[in-house]
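# Everything below, folded, please.
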Amino acid sequence: MLQKIKDLFVTPPYQKWFKNGHENLSNRNYQAAIKAFDVSISIHPVYEAYNNRAAAHFYLKNYQKAIQDYNAAISLEPDTLEAYLGLAVAHTKSKNYPEALKTYNQVIIFNSYHPIALTNRGYVYLQLENYTQALKDFNRAIDLDPYNAIAYSNRGNVYYQLKQIDKARRDWRKASNMGFGEADALLLKYSS
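Next up, the predicted model:
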């Protein structure tokens with residue numbers, strides 16, 4: 001009887017590996033995190049392990065493996081926003097803008113008030129030179145989060161492409177005042 005009670009309190013092996021992976025991920029030891037999540041997944045594949053392993057791959061800039069793991073996580077739990085957002089960012093980083101756009105659209109279907117997803121989708125539209133849609137997304141993101149320096153800076157980039165230089169500088173200045181260094185560089189480059 002005592003042994004059965006002890007067995008109830010013993011941590012299953014996959015959870016030990018998962019915990020080890022999570023600790024390594026938190027400590028930015030991404031290779032060790034991946035190895036621990038590999039073992040955890042081989043024993044008991046769960047959403048969290050795939051999602052965390054995807055993050056470790058992402059931080060190592062191995063976007064294709066991150067995409068595979070985010071897709072595996074989504075297949076296990078299709079109603080989770082976090083994995084879709086990670087997948088969209090991984091597609092963006094790998095410059096697969098059509099897939100990124102499709103995935104950001106899914107995120108925004110889940111939550112149309114998500115300023116990060118709107119900012120990121122706006123960036124994808126900017127890369128695709130769809131300035132009208134990019135402006136809509138940046139404007140909405142700024143409405144939702146008036147301290148979104150990245151949205152201001154990227155909206156400035158759209159205005160620059162549209163030859164609206166004063167508006168571009170105004171947005172870059174706002175982003176710069178919020179501490180966004182990339183906006184400082186743009187202001188210096190286009191100050192004349």
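
# pLDDT weak spots in this structure?
Within the chain, the stretches with pLDDT under 70 are 1-10, 192.

# Tell me the secondary structure at I34.
Following DSSP: H, G, I helix; E, B strand; the rest coil, I34 is assigned to helix.

# And the closest residue to it other than its chain neighbours, how far from E82?
Excluding the flanking residues, the one nearest I34 by Cβ to Cβ, 6 or more residues apart in numbering is A56, at 4.9 Å. For every residue, glycine as well, the C-beta is placed using N, CA and C. Between A56 and E82 the computed distance is 15 Å (Cβ to Cβ, to the nearest Å).

# more neighbours, the two?
Using other Cβ atoms under 10 Å, the more surrounded residue of A56 and E82 is A56, with 25 against 17.

# does that one sit in a helix, a strand or a coil?
Under three-state DSSP, A56 falls in the helix class.

# all strands of the protein, in order?
For the chain, no strands turn up when DSSP state E is the criterion.

# quick one, helices of it?
2-9, 13-26, 30-43, 47-59, 63-76, 81-93, 97-110, 115-127, 131-144, 149-161, 165-177, 181-189 (DSSP state H).

# I figured the residue nearest to I34 was touching L25, is that so?
Yes - counting by Cβ atoms under 8 Å, A56 does reach L25; the two are 5.5 Å apart.
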